[in-house]
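What follows is a predicted structure for the sequence shown.
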Amino acid sequence: MHLENSKFCAIDIETTGLDTKKDEIIAFACVPIVNLKILVHDFFYAMLNPKKYKVDAMKYHGISKDNLKTAPTFAQVAGTIWQALEGILVGYCVEWDYTFLRRQLKSVGVNLKRDVVDIAMVEKWLAGRRRIENVDLRFEAMMKAYGLEQYYRHNAAADAFFAAQIFQIQMRKLLTFGVESAEEVIQLAKQRMDVDHTFGF
């Protein structure tokens, strides 16, 4: 399907820790992108009350246990989250987010299966086509390169919007290199991921 007719969803999550097998999602954000446009009005964000909160994780996302007191559990909004995840999932280190989402949705009987595109791998492909060596694939570096002001980092809502803005610009660049379909984007990002996924947060 042509890029202009494809639906993408830029996603980001915050969690109680980094263990994809045990830790829980405490914040989820999804920003739809259709016809190369970011659909701001269809943005979805939710804070989630975990079964077990870990204080150590607060230093990364700033979400306290008190912030989550009145938040719904993942199970209570799982259906809404699944509906929001329509299309190809886009993000920074998006496989990590995807693994968390698949596991927690599976725990409530929902089977999530989506294609994913990592914006860092797209950036590496673009750098290769422009013969740029040693491109900095850190999220902060990519934001700076694309002229995005860095505020509220490690906030799921902000990071999802940052990822959406970067990918929106990347798609326009991809079109200039003759990459016109969503399938091509998925494949080039996957190839790069297979070769090298050793970039930092």
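Received it, and whenever you're ready, just let me know what you need. A quick note: this is a predicted structure, and the numbers were derived from the prediction, not measured. Numbering: from 1, shown residues only.

all helices for this protein, in order.
58-61, 74-84, 94-106, 119-129, 139-145, 156-176, 182-195 (DSSP state H).

Might one say that residue 162 is in contact with residue 148?
Yes: counting by Cβ atoms under 8 Å, residue 162 touches residue 148, with 5.8 Å between them. Backbone N, C-alpha and C define where each C-beta goes, glycine included.

just for the chain, where's the confidence low?
The model of the chain has pLDDT under 70 over residues 57, 59-60, 152-154, 192-201.

Repeat the analysis, applying 50 as the threshold.
Applying pLDDT under 50 to the chain picks out residues 195, 197-201.

May I have the beta-bridge partners of the residue most central in space within it?
Closest to where the C-alpha atoms of the chain average out (Cα atoms, centre = their mean) is residue 91, at 2.7 Å. Each beta-bridge partner of residue 91 is listed here: residue 118, as defined by DSSP bridges.

which residues touch it?
Residues in contact with residue 91 (Cβ atoms under 8 Å, 6 or more residues apart in numbering) are 10-12, 97, 116, 118-119, 160, 163.

What of residue 13?
25, 27-29, 97, 100-101, 156.

Check residue 64 too.
Taking Cβ under 8 Å, 6+ apart, one finds residue 58 in contact with residue 64.
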